[in-house]
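1. Mind looking at a prediction? Sequence and model below.
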2 protein chains.
Amino acid sequence: MSPPIAELVASFDGARLWSDLEALATFRDEGASPHTRRAFGDSYETARAWLREQMDEAGLTTRRDAAGSLIGHQPGAHDLPPLVVGSHIDTVDGGGRFDGALGVLAAVELVRSLARADYVLAHPIEVVDFTAEEPNRYGSSCIGSRAWSGTLDARLLALTDADGETLAEAMRRAGGEIEQLGTARRSAESIAAYIELHIEQGPVLEREQLDVGVVSGIVGIRRVHARLTGRAAHAGTTPVGTRRDALAVASEVVLAVEQEARAAAGELIGTVGRLAVEPNAPNVVPGLVELSLEVRSLDEQRLDASLERIEATAQKAGADRQVAVAFSLLSELPAVAADPRLVAALEEGAAVAGAGTMRQPSWGGHDASQIARVAPVGMLFAPSRDGLSHHPDEWTSPEQCAIAGRTLLAGLALLDEQLAG
Amino acid sequence: MSPPIAELVASFDGARLWSDLEALATFRDEGASPHTRRAFGDSYETARAWLREQMDEAGLTTRRDAAGSLIGHQPGAHDLPPLVVGSHIDTVDGGGRFDGALGVLAAVELVRSLARADYVLAHPIEVVDFTAEEPNRYGSSCIGSRAWSGTLDARLLALTDADGETLAEAMRRAGGEIEQLGTARRSAESIAAYIELHIEQGPVLEREQLDVGVVSGIVGIRRVHARLTGRAAHAGTTPVGTRRDALAVASEVVLAVEQEARAAAGELIGTVGRLAVEPNAPNVVPGLVELSLEVRSLDEQRLDASLERIEATAQKAGADRQVAVAFSLLSELPAVAADPRLVAALEEGAAVAGAGTMRQPSWGGHDASQIARVAPVGMLFAPSRDGLSHHPDEWTSPEQCAIAGRTLLAGLALLDEQLAG
């Protein structure tokens, strides 16, 4: 007979979670910003080998699926599909120590806490470190969770990085089995629920002085690649009227995206994060600009309308300057709602753990966005200092990590009871 | 007794000039755009060795000065300072076959023509291939001609490329003698006049269907490096009001520069040719942008006023978004006037050569801009198809190259007579 959930929650070791976060942070890409650990790099692989050891020691049976995701399994008391808890341990270039890592390491500590408290779940539990959640050099993201949901298609696998390597080749390098990818796909029957703890990556919880956020839904994201083709020419001797300046058009696009977000007053956000100029020489009129832009909103119609206006601005700016404008949709992540049962269990878990909480949307895409295609999902947020993420200064304090971990544990135990009914 | 100038001009071998242009074009940087031959690279050095052979065969006595410029000398009939004719054979990344190369190879063919016609100049002649005229990886330009005018100072020599190599180290690699740079400096007494033939790099001669342009003056150029420092943050979760988006500020700068040129209606031109974003990831708000901007005009006051307005726009755009804006002046090339005696001789030379001509400003900086500090200068332009330069499609036809070469030869011979007068 398992002890009461309050007793289980007290067994969660925040100091152990913190030391695991510190240990994982030692695996970093050489020559990059201090906490960078990009997917498919050497330090990513050694980090995952270390993580697998932690999972093994916690009593999980570990395996890698065909997409390379690392999965630790523990049987439950009953013959039920597993409760899945996880996140990812790759970072963006210039990223920090908490985005992704917190969710994976809290899940491992959760398994240890269950053992310490002799608490037996009705459901099996799976701890997952999904492969390559962050946007990668191949122009995609959420690789491991896409393999689960069946959206890791041939088009994505064939995308190449600047050196011409395909995503499929990168995955193979990292131990993925591309010919067996179908075996990684998960059916709705194979997952009872998916819960992911993640840092908020925004300023709301800090501003409201709350411990955790229970996510109501995850925004939809449209990512577009824009190719603006003008003509390179001498910067001094080409009159402004005969120039075909791709960077001037790109500048209008950047400002149009910013204007969309300003006008939407919190209902939509948009960014041009990547922009490359050719030939990129001080005295040559830019002949080509390629840029990536994205818009995010819980409201799908708003996403489409906003992208249409941005493209219209780009076409007009291009027509004014004889610059050809080509927009292509790179990815389209639908907005998803969190499952009401999971929202309720996580809110109840927060109460048990003594955590102040609120409901909030997730403005970031997550592996949960993919898993929502096949299973009920729920997410918890921990506060981000200054709202920062994808930045070396990303910070969530040891106390904040611990109370978020305890909320995750309590919520999972409550959900286990409710779903096992 | 030398023959009449008309007879001399007939000895200019346009086919030989063309075959030299084709031969020089075979020296190109591997893995780069097809006609790229950047200063300080391997192909640049082998090209200069080939050029030296051509000078030797033309009967010139060749040497390299301490800045690496290749100089061919031929005595004159009298003890006078030399008439100097030259240009450069380096290209920008992505450059073409005529910018610079035409002026150097026409000067070599000019020396051969003098010999064929048994025409003896009163002045000695010097043919010069100036080291590294184009903007280089070290943030400067006109290296060889700066050494002549004494403006190749310690600050420029210490500038580094992306790999940390200094300009001084690059010059040393290419055979320059940095400790002896003072010996390359030329006094006003050591040069009778400097004449440079160059492609127009603009559309005017082609539009007017003229053979050559006689340059009235060379525009002044101000180059500025702008560093825009915001803060990198997650693209989805950072509300637009709390972003410090460096790329949005950069976009306002690009459009402000374009607007200055539009408003100046042909009296000023401005360009942002280089722009780099950090961290440059699709889902990260740009935290840092560095860009190079330049403005050009024959009117110095206009240059200053324009730069002030651009910087004011940047500061306001930065203040609106909490992005720090730092402008630093990289280089300041004063506007220079062509010497009236050289303008007259070149116009007379065009008449002798049967070339249709007009006066026009040079919108591009040239080695002549530097040499104007110590000697009278004059320039001739040959037409550029579509006004293109700094582009692989740069094109001046064999006939256009030949008539420009004949004009150069006639102008030089006339100037020789007048100055020796």
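-> Now that the structure is in, tell me what you want to look at. As the structure is a prediction and not an experimental result, all values here were calculated from the model. Residues are numbered from 1 along each chain as shown, chains lettered A, B, ... in the order given.
2. got the residues of the stretch 1-150 of chain A near chain B?
-> By the criterion of C-beta under 8 Å from any C-beta of the partner chain, the positions of the stretch 1-150 of chain A lying close to chain B are A:33, A:92-94, A:134-135. To be clear about C-beta, it is placed using only N, CA and C from the backbone, and glycine gets the same treatment.
3. residues touching the residue nearest the centre of chain A, list them.
-> The residue lying closest to the centre of chain A (C-alpha atoms, centre = their mean) is A:H366, at 3.6 Å. Taking C-beta atoms under 8 Å, 6 or more residues apart in numbering or on different chains, we find A:H366 in contact with A:87, A:133, A:142, A:196, A:198, A:218, A:379.
4. how about the second one, secondary structure?
-> For A:E133, the secondary-structure state derived from DSSP: H, G, I helix; E, B strand; the rest coil is coil.
5. Might you report the residue contacts of it?
-> Taking C-beta under 8 Å, 6+ apart, one finds A:39, A:87-88, A:90, A:100, A:141-145, A:366-367 in contact with A:E133.
6. try it again with 10 Å
-> A:39, A:86-92, A:99-100, A:103, A:141-146, A:198, A:365-367, A:370 (C-beta atoms under 10 Å, 6 or more residues apart in numbering or on different chains).
7. quick one on the thing from earlier: pick the one among the residues of the stretch 1-150 of chain A next to chain B closest to A:Q180.
-> Each of those was scored against A:Q180 by C-beta to C-beta, and A:E134 proved nearest at 23.9 Å.
8. Name the helix or strand for the nearest residue to that closest one once chain neighbours are set aside, please.
-> In space, not counting the residues next to it along the chain, A:E134 is nearest to A:V92; the distance is 4.8 Å by C-beta to C-beta, 6 or more residues apart in numbering or on different chains. Following DSSP states H and E, one finds A:V92 outside all helices and strands.
9. what's around A:V92, how many residues?
-> The burial count assigned to A:V92 is 29, neighbours taken as other C-beta atoms under 10 Å in any protein chain shown.
10. From what I see, A:I125 and A:R112 are in contact.
-> No. With contact defined as C-beta atoms under 10 Å, A:I125 does not count as touching A:R112 (11.7 Å).
11. right, is the least confident helix or strand in chain A by mean pLDDT up against chain B?
-> Scoring the helices and strands of chain A by mean pLDDT, DSSP states H and E places strand A:233-234 at the bottom, with a mean of 84. Yes. Where contact is defined by C-beta under 10 Å from any C-beta of the partner chain, part of strand A:233-234 touches chain B, namely A:233-234.
12. Now do that strand: which elements does it pack against?
-> strand A:284-285, strand B:269-278 (3 or more C-beta pairs under 10 Å, 6 or more residues apart in numbering or on different chains; DSSP states H and E).
13. For the closest residue to A:R97 other than its chain neighbours, give me the pLDDT.
-> Nearest residue to A:R97, sequence neighbours excluded (C-beta to C-beta, 6+ apart): A:A25, at 4.6 Å. Here the pLDDT value assigned to A:A25 is 97.
14. Run a quick neighbour tally on A:A25.
-> A:A25 has 16 neighbours, counted by other C-beta under 10 Å.
15. re earlier: quick one: list the elements packing against whatever helix or strand comes next after the least confident helix or strand of chain A.
-> Following the chain from strand A:233-234 toward its C-terminal end, the next helix or strand by DSSP H and E is helix A:246-264. When contacts are defined as 3+ C-beta pairs under 10 Å, 6+ apart, helix A:246-264 sits against strand A:220-229, strand A:269-278, strand A:284-285, strand A:288-297, helix A:300-320, strand A:324-333, helix B:246-264, strand B:269-278.
16. Now render the ones you listed as a markdown table, adding distance to A:M358 and mean neighbour count.
-> Formatted as a markdown table, the entries for the helices and strands packed on helix A:246-264 read as follows, by distance: least, C-beta to C-beta, whole Å; neighbours: other C-beta atoms under 10 Å in any protein chain shown:
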| stretch | distance to A:M358 | mean neighbour count |
| --- | --- | --- |
| strand A:220-229 | 22 | 21 |
| strand A:269-278 | 19 | 24 |
| strand A:284-285 | 51 | 28 |
| strand A:288-297 | 20 | 24 |
| helix A:300-320 | 23 | 17 |
| strand A:324-333 | 24 | 16 |
| helix B:246-264 | 30 | 23 |
| strand B:269-278 | 34 | 24 |
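17. how about these in TSV, adding distance to B:V289?
-> What follows is the helices and strands packed on helix A:246-264, written out as TSV (distance: least, C-beta to C-beta, whole Å):
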stretch	distance to B:V289
strand A:220-229	17
strand A:269-278	9
strand A:284-285	18
strand A:288-297	13
helix A:300-320	19
strand A:324-333	22
helix B:246-264	4
strand B:269-278	5
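18. could you dump the ones you listed to JSON lines with mean pLDDT and distance to B:L346?
-> Formatted as JSON lines, the helices and strands packed on helix A:246-264 follow (pLDDT from 0 to 100; distance: least, C-beta to C-beta, whole Å):
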{"stretch": "strand A:220-229", "mean pLDDT": "96", "distance to B:L346": "39"}
{"stretch": "strand A:269-278", "mean pLDDT": "97", "distance to B:L346": "37"}
{"stretch": "strand A:284-285", "mean pLDDT": "93", "distance to B:L346": "28"}
{"stretch": "strand A:288-297", "mean pLDDT": "96", "distance to B:L346": "38"}
{"stretch": "helix A:300-320", "mean pLDDT": "97", "distance to B:L346": "39"}
{"stretch": "strand A:324-333", "mean pLDDT": "93", "distance to B:L346": "41"}
{"stretch": "helix B:246-264", "mean pLDDT": "97", "distance to B:L346": "28"}
{"stretch": "strand B:269-278", "mean pLDDT": "97", "distance to B:L346": "24"}
